[in-house]
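Q: Here is a sequence together with a model predicted from it:
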Amino acid sequence: MQNHTWELVNLPSGSKPLGCKWILKRKYKADGSIDKYKARLVAKGFKQKEGIDFVDTYSPVTRMTSIRVLIAIAALYDLEIHQMDVKTVLLNGELDEEIYMEQPERFVVPGQEKKVRRLVKSLYGLKQAPKQWHKKFDQIMLSNGFKINECDKCAYVKSTQHSFIIVCLYVDDMLIM
């Protein structure tokens, strides 16, 4: 809700909202006691219709060859490689399509029961969520002076006269050198 993922609206005529459901999990400590509870709202993306709810779902990942080259360069020049995981990655992409979703169970706004959520950003379960995340990541990298490698759409390079940075993206994981 703090992510501005949706807005409450009247359902336009001719539109059908997607359902959603809560995925509840318990996380345990090493001793078996409960550490915390987690809840994730997931859109029922399996009900999305191609051409109506989404156009394309393709999202590239870095090639294994690029990762091997990165490791070889690091070994050759005695450089460090850092690994990074982006949390809640699929919640970061902005949607191109108009998608409406029913209000989540136990989070129906009193007095607004007939309204639906118009999704502004991606949500777990949407078919286009990985594609939208990659599109946003591309925009961020390019706006920060990185160039996309011609052979690998998920390998980014930024160089100056005396240094360089290489980033390889694999869904929500990055290798940075």
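A: Done, it's in.
Q: Quick one: the strands in the chain, in order.
A: 6-9, 20-28, 34-43, 82-85, 94-101, 116-121, 147-149, 152-159, 164-170, 173-176 (DSSP state E).
Q: can you put the ones you listed in CSV and add distance to residue 50 and mean neighbour count?
A: For every residue, glycine as well, the C-beta is placed using N, CA and C. Shown next, in CSV, are the strands of the chain (distance: least, CB to CB, whole Å; neighbours: other CB atoms under 10 Å):
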stretch, distance to residue 50, mean neighbour count
strand 6-9, 22, 14
strand 20-28, 20, 12
strand 34-43, 15, 13
strand 82-85, 30, 9
strand 94-101, 11, 17
strand 116-121, 17, 20
strand 147-149, 27, 15
strand 152-159, 22, 18
strand 164-170, 26, 19
strand 173-176, 28, 17
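Q: Now distance to residue 62 and mean pLDDT too, for those strands, in CSV please.
A: Formatted as CSV, the strands of the chain follow (distance: least, CB to CB, whole Å; pLDDT from 0 to 100):
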stretch, distance to residue 62, mean pLDDT
strand 6-9, 31, 95
strand 20-28, 28, 95
strand 34-43, 26, 94
strand 82-85, 13, 96
strand 94-101, 23, 93
strand 116-121, 24, 95
strand 147-149, 9, 96
strand 152-159, 4, 96
strand 164-170, 4, 94
strand 173-176, 8, 95
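Q: The ones you listed: which one's closest to residue 141?
A: Residue 141 sits nearest to strand 152-159 of all the strands of the chain, at 4.8 Å, using CB to CB.
Q: Against which helices or strands is that closest one packed?
A: helix 64-77, strand 147-149, strand 164-170 (3 or more CB pairs under 8 Å, 6 or more residues apart in numbering; DSSP states H and E).
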